[in-house]
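K.L.:
Predicted structure and sequence below. I'll ask about it afterward.
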Amino acid sequence: MGIESLYSLQFVEAEKVLSLYDGALNVPKILQDWYEEEAKSNYGAYIPFVGTVRDEDGIEGLSFDIYEPILESWFKTWQTKAKESGAIIKMAHSRGDVLLHESSYIAAVFSPKRRVALEFIEKFVEDFKASAPIWKYDLRDGARIYALSRSTAIQGSGILGVKN
Amino acid sequence: MGIESLYSLQFVEAEKVLSLYDGALNVPKILQDWYEEEAKSNYGAYIPFVGTVRDEDGIEGLSFDIYEPILESWFKTWQTKAKESGAIIKMAHSRGDVLLHESSYIAAVFSPKRRVALEFIEKFVEDFKASAPIWKYDLRDGARIYALSRSTAIQGSGILGVKN
Amino acid sequence: MVRVDFLGPIQKAPLELEITNLSELALILQKDTELSQWLSNSAVALNDTLVNSLDVALKDGDRISLLPPVCGG
Amino acid sequence: MVRVDFLGPIQKAPLELEITNLSELALILQKDTELSQWLSNSAVALNDTLVNSLDVALKDGDRISLLPPVCGG
């Protein structure tokens, strides 16, 4: 296999494990697909994290914008980190509107042993919250209201605001 | 509702969330059933942990013995702890033989917020490994060989061996 | 009469003993060479509740269980 | 020409600017009152790679993105 084919193989692989959907996720199907994809990979631990829209503060749902180029490079960095520990990460996220009690996010770690998986899922989900280029809006009276107070400035933010 | 009916309701609830199966678990079905059972419970985070039998050291599979009365009381203690944090825990485990690449264990936490769920799944799975009255055997040439070297003495073990 | 069950991999039939406390049970089981590998690493339950000390009285109908090292999952 | 994109909730059309470094961009954007709430809390990417300092040279065809505070999940 030449260098080019190897490269495109890795690219396809990275694509498959990061999936973006319009609207709510079909959680049972995604959890099943991922489980079956890795059924013979000899991983001993599979830990998905599923995020579901809560009915709170009178919202009608949430809505999401995603900037895909940076999401993909962020995700590839994590995939590399996971591979160094013999693990893999899969992720699915919604674009657009997701209503109450629907799910917008699934991240999953597969690893040979449980300790690596338990540590990875926690670190991955926390960094996802702090770094992944996704913007959340509350849906109220049909309008999208940016959820600024629940959002986190990406590390290194603010350089353009510093006055000379 | 009288005291007796309340009691039996709680009992039924505890039963439902701890499920023991003969042989391998149907992982996609269990993950889906649990997701759907809590679809309207307003939990924001659902984290299952799935344990699968690895092909290693030439084994043909694993086999499990469970002592159910103490497993149930251990599980109820964790359920109480989870409820104090607004969370719930569900668990499924196999009895008897589970072959390579089949799954024998699922534990899941549901909670309103992700931090509680991430912390609970880790603590629960680690205590499960150290305390749940389940015995594991390697299957080799059709025989069950107790996995002593991978097993953990329950806290407080050894009191009957102390000589006076 | 107190019943003693040996759980999991301990290949031993239950015993029925006339004993009044766990110290008596310890003395009896320590004489059983079949059990030598298990006493130092097994937990003890009285009527399905784990106990941490031999300082426990027993009454007629009580059930004792020995739980060797565990490994679920 | 350098293109500047405002991502997510920043409601602003892209800019095309003749600039050669990020410090020039900072001066221009700081004059835009629409952006006053965003400059201090947004991250900056050059050609989809985050940058941590203004000490970055720009060339024709470069793309800058402003990323306001995020909240996936």
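P.N.:
Arrived safely.
K.L.:
Tell me if the worst-scoring helix or strand of chain C on mean pLDDT is near chain B.
P.N.:
Counting by mean pLDDT, DSSP states H and E, chain C has its least confident helix or strand at helix C:36-39, which shows a mean of 94. Yes - Helix C:36-39 reaches chain B (CB under 8 Å from any CB of the partner chain) through C:Leu39. Placement of C-beta: from N, CA and C, glycine included.
K.L.:
Now that helix: buried residues?
P.N.:
Neighbour counts using 16 or more other CB atoms under 10 Å in any protein chain shown place C:38-39 of helix C:36-39 among the buried residues.
K.L.:
Give me the contacts around it.
P.N.:
B:158, B:160-161, C:6, C:10, C:26, C:29-30, C:66, C:68 (CB atoms under 8 Å, 6 or more residues apart in numbering or on different chains).
K.L.:
how close does C:Cys71 get to B:Ser151?
P.N.:
4 Å (CB to CB, to the nearest Å).
K.L.:
Actually, C:Val44.
P.N.:
Relative to B:Ser151, and taking CB to CB, C:Val44 is found at 17 Å.
K.L.:
do the same with C:Thr20
P.N.:
Using CB to CB, C:Thr20 is found at 32 Å from B:Ser151.
K.L.:
Sketch out the low-pLDDT regions of chain A for me.
P.N.:
A:1-16 (pLDDT under 70).
K.L.:
Kindly recompute the last result at 90.
P.N.:
A:1-17, A:142, A:163-164 (pLDDT under 90).
K.L.:
just the strands in it please.
P.N.:
Listed in chain order, the strands of chain A (DSSP state E) span A:18-22, A:45-52, A:61-66, A:88-99, A:103-111, A:134-140, A:143-146.
K.L.:
will you turn those into a markdown table that also has mean neighbour count?
P.N.:
Shown next, in a markdown table, are those (neighbours: other CB atoms under 10 Å in any protein chain shown):
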| stretch | mean neighbour count |
| --- | --- |
| strand A:18-22 | 15 |
| strand A:45-52 | 26 |
| strand A:61-66 | 21 |
| strand A:88-99 | 21 |
| strand A:103-111 | 26 |
| strand A:134-140 | 21 |
| strand A:143-146 | 16 |
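K.L.:
okay if I get the ones you listed as TSV plus distance to C:Pro14?
P.N.:
Formatted as TSV, those follow (distance: least, CB to CB, whole Å):
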stretch	distance to C:Pro14
strand A:18-22	55
strand A:45-52	37
strand A:61-66	58
strand A:88-99	47
strand A:103-111	41
strand A:134-140	60
strand A:143-146	67
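K.L.:
Mind listing the shared neighbours of C:Cys71 and B:Ser151?
P.N.:
Counting by CB under 8 Å, 6+ apart, the residues touching both C:Cys71 and B:Ser151 are B:135-136.
K.L.:
Touching, A:Ser157 and D:Val51? I think so.
P.N.:
No - counting by CB atoms under 8 Å, A:Ser157 sits too far from D:Val51 to count as a contact (11.1 Å).
K.L.:
what do these two both touch?
P.N.:
In contact with both A:Ser157 and D:Val51: D:Val44, using CB under 8 Å, 6+ apart.
K.L.:
between these two, which one's more packed in?
P.N.:
More crowded of A:Ser157 and D:Val51, by other CB atoms under 10 Å in any protein chain shown: A:Ser157, with 23 against 16.
K.L.:
Roughly how far does the more buried one sit from D:Gln30?
P.N.:
15 Å.
K.L.:
residues contacting the closest residue to C:Phe6 other than its chain neighbours?
P.N.:
Nearest residue to C:Phe6, sequence neighbours excluded (CB to CB, 6 or more residues apart in numbering or on different chains): C:Lys12, at 4.3 Å. C:Lys12 makes contact with C:6, C:34-35, according to CB under 8 Å, 6+ apart.
K.L.:
which among those residues end up buried?
P.N.:
Buried among the contacts of C:Lys12 (16+ other CB under 10 Å): C:6, C:35.
K.L.:
least trustworthy position among the contacts of C:Lys12, going by pLDDT?
P.N.:
Among the contacts of C:Lys12, C:Glu34 has the lowest pLDDT, at 92.
K.L.:
Got phi/psi on the nearest residue to that residue once chain neighbours are set aside?
P.N.:
Setting aside the residues directly before and after it, C:Glu34 is nearest to C:Lys12 in space (CB to CB, 6+ apart), at 6.0 Å. When read as degrees, to the nearest 10, the backbone of C:Lys12 gives phi -150, psi 140.
K.L.:
gap between C:Lys12 and chain D?
P.N.:
53 Å (CB to the nearest CB, to the nearest Å).
K.L.:
Tell me how far that residue lies from B:Arg95.
P.N.:
Counting by CB to CB, the gap from C:Lys12 to B:Arg95 is 21 Å.
K.L.:
So for B:Ser131, which of the strands of chain A sits nearest?
P.N.:
Ranking the strands of chain A by distance to B:Ser131, with CB to CB as the measure, places strand A:45-52 first at 18.7 Å.
K.L.:
Strand partners (parallel or antiparallel) of the closest one?
P.N.:
Sheet neighbours of strand A:45-52, with direction, are listed as strand A:103-111 (antiparallel), strand B:45-52 (antiparallel) (DSSP bridges).
K.L.:
distance between that strand and the chain's centre?
P.N.:
11 Å (CA atoms, centre = their mean, to the nearest Å).
K.L.:
The residue nearest to C:Leu35 when sequence neighbours are not counted: neighbour count?
P.N.:
Take C:Leu35 and drop its neighbours on the chain: the residue closest to it by CB to CB, 6+ apart is C:Leu29, 5.3 Å away. A count of nearby residues for C:Leu29, using other CB under 10 Å, gives 23.
K.L.:
Isn't C:Leu29 up against B:Leu160?
P.N.:
Yes - because the distance of 5.7 Å satisfies CB under 8 Å, C:Leu29 is recorded as touching B:Leu160.
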